[in-house]
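Asks: Kindly generate the corresponding structure for this input.
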Amino acid sequence: MRVIIGADVVPTESNIHLFAEGNVKELLGEELFDLWNSCDVRIFNLEVPITDKKSPINKCGPNLIAPASTVKGIKALNPTLVTLANNHILDQGVEGFRDTVELLKKYGIDFIGAGYDVFQACRPFIIQKDDIKVGIYACAEHEFSIATDKSPGANPFDPLESLDHIMALRSECNYVIVLYHGGKEHYRYPSPYLQKVCRKIVEKGADLVICQHSHCIGCYEIYNGSIIVYGQGNFIFDKNDNEYWKTSLMIKVAIDEKPVIEYVPVKKVRNVIRLAIGKEADEILQAFIKRSEEILQKDFISQQYRKFAYENYFNYIRSLAGFGKWLSRLDRKLLNNRLVRHKYNKKQLLAVQNYVECESHRELFLQGLSSKIQEDNKI
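Replies: Numbers count the residues shown, from 1 in each chain. Sure, this is the predicted structure:
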């Protein structure tokens, strides 16, 4: 059985017409189109509600939406399965989610990773060919899209539940793939916690763990004989042209007695993607391998993440301080963070740390935030 996995798919203004026309050959290019369709199983993450009705939820970050007509392109990609476990599937509320689900059903497109409650959302998908059973499980970190026992959305990664789901799937299948929608955007290495989570997923039965969501190619490691990919990049998502969004990987798995994994380099060309070949392909793969060798060094992950965290610290604390766009820009670019440095004293920063770090404080604070936001929405 040959399985190929792409990452995030979002029809955008620049290529909506290609999706609406079902013009997949133009979206992928002939070489990539042939490679994609040569595989028995094709999987990708649909990271956008497909609906004609705008009903954006209150959240931080963009509310994505793609018109209903783009489902023709999703269908033309000929997916065996799409995953909906991501941080955007509820961007247009319950109505947008319902439209998406109904369109996928109408076009005969199987999906996992989301549902009308968390019990539906956590269901895996099993593909069988001859005597081989492959199980796929999809989950997402907690943002604004998560399902609960009473509301729709994406399947959350819950260490008290998700690891049991993976163990149960392992007992039924020869090979288990976990698609984990998480990790920091535009960061090419795992955080210490993300590595710990993915390794535990392996220990509970996963043969392949793929972290999506970061919008950039990261690195990989072999752990207990299984593969963990920390960052795949996008599939078809024409939003930015920075260094992170220009390249991505498809992951191809030949599942037999001894599974073989191949990394397929892809490049973004204007509003579409193409198979990377020759020198471009070599450079993409060499950088991927180099980062994968770096994380094997003692303390590399923790040291790299500490540096990355410090670089992002002032952005977080400025946001909590309520600095507006222009004041934040002034402080960052001209004042070297002097305003925000003087906003909080040491005692106040320790209180913030405690509220975020301590389980009881965090749970209470989040519940209070949720209740206050719901109250404000009613006004």
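
Asks: Residue 175 and residue 207 touch, don't they?
Replies: Yes. Applying C-beta atoms under 8 Å as the test, residue 175 and residue 207 come out as touching, 5.1 Å apart. Any C-beta I mention is one placed from the backbone N, CA and C, and that applies to glycine too.

Asks: Please enumerate the shared neighbours of these two.
Replies: residue 259 (C-beta atoms under 8 Å, 6 or more residues apart in numbering).

Asks: Now for residue 95: which residues touch it?
Replies: Contacts of residue 95 (C-beta under 8 Å, 6+ apart): 51, 53, 55.

Asks: any chance of the residues you listed in CSV, plus secondary structure, pLDDT and neighbour count?
Replies: Shown next, in CSV, are the contacts of residue 95 (DSSP: H, G, I helix; E, B strand; the rest coil; pLDDT from 0 to 100; neighbours: other C-beta atoms under 10 Å):
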residue, secondary structure, pLDDT, neighbour count
51, coil, 98, 23
53, coil, 96, 13
55, coil, 96, 16
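
Asks: Kindly indicate which of the residues you listed lies nearest residue 229.
Replies: residue 51 (30.8 Å; C-beta to C-beta).

Asks: about what we covered before: quick check, nearest of the contacts of residue 95 to residue 244?
Replies: Among these, residue 51 lies closest to residue 244 (C-beta to C-beta), at 27.8 Å.

Asks: how close does the closest one get to residue 1?
Replies: Separation of residue 51 from residue 1 (C-beta to C-beta, to the nearest Å): 34 Å.

Asks: and if you look at residue 365?
Replies: 47 Å.

Asks: would you list every one of the strands in the stretch 201-350 of the chain?
Replies: Ranges of strands in the stretch 201-350 of the chain, per DSSP state E, counting those that start in this stretch, are 208-212, 217-223, 226-232, 234-237, 247-254, 260-269, 272-275.

Asks: okay if I get these as TSV plus mean pLDDT, mean neighbour count and distance to residue 149?
Replies: Shown next, in TSV, are these (pLDDT from 0 to 100; neighbours: other C-beta atoms under 10 Å; distance: least, C-beta to C-beta, whole Å):
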stretch	mean pLDDT	mean neighbour count	distance to residue 149
strand 208-212	98	25	25
strand 217-223	98	21	33
strand 226-232	98	25	30
strand 234-237	98	26	31
strand 247-254	98	22	33
strand 260-269	98	18	36
strand 272-275	98	20	38
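
Asks: Distance to residue 106 for those strands - can I get that in JSON lines?
Replies: Formatted as JSON lines, the strands of the stretch 201-350 of the chain follow (distance: least, C-beta to C-beta, whole Å):
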{"stretch": "strand 208-212", "distance to residue 106": "26"}
{"stretch": "strand 217-223", "distance to residue 106": "34"}
{"stretch": "strand 226-232", "distance to residue 106": "29"}
{"stretch": "strand 234-237", "distance to residue 106": "21"}
{"stretch": "strand 247-254", "distance to residue 106": "27"}
{"stretch": "strand 260-269", "distance to residue 106": "29"}
{"stretch": "strand 272-275", "distance to residue 106": "26"}
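
Asks: higher neighbour count, residue 365 and residue 1?
Replies: Counted by other C-beta atoms under 10 Å, residue 365 and residue 1 do not tie: residue 1 has more neighbours, with 19 against 13.

Asks: doesn't residue 133 make contact with that one?
Replies: No. Using C-beta under 8 Å as the test, residue 1 is too far from residue 133 to be in contact (9.6 Å).

Asks: how's the protein carved up into domains?
Replies: If you go by automatic domain parsing, the domain ranges for the chain are 2-294, 302-378.

Asks: and those, which one is worst for confidence?
Replies: Sorting these by mean pLDDT places domain 302-378 lowest, at a mean of 91.

Asks: how long is that one end to end?
Replies: By C-alpha to C-alpha, to the nearest Å, the extent of domain 302-378 from end to end equals 43 Å.

Asks: what sits in contact with each of residue 1 and residue 133?
Replies: Common neighbours of residue 1 and residue 133 (C-beta under 8 Å, 6+ apart) are residue 127.

Asks: Next, residue 81: phi, psi?
Replies: With angles defined as degrees, to the nearest 10, residue 81 sits at phi -160, psi 140.

Asks: looking at it, it is touching residue 136, isn't it?
Replies: Yes. Counting by C-beta under 8 Å, residue 81 does reach residue 136; the two are 6.4 Å apart.

Asks: all helices for the stretch 1-150 of the chain, in order.
Replies: 16-21, 24-28, 30-37, 71-76, 93-106, 118-121 (DSSP state H, counting those that start in this stretch).

Asks: buried stuff in the longest one?
Replies: To tie it back to what came earlier, the one meant is helix 93-106. Within helix 93-106, the residues that count as buried by 16 or more other C-beta atoms under 10 Å are 93, 96, 97, 98, 99, 100, 101, 103, 104.

Asks: Could you do the last one as well?
Replies: Within helix 118-121, the residues that qualify as buried by neighbour count (16+ other C-beta under 10 Å) are 118, 121.

Asks: returning to what we had before: so for residue 81 and residue 136, which residues contact both of them?
Replies: Common neighbours of residue 81 and residue 136 (C-beta under 8 Å, 6+ apart) are 43, 112, 125, 127.
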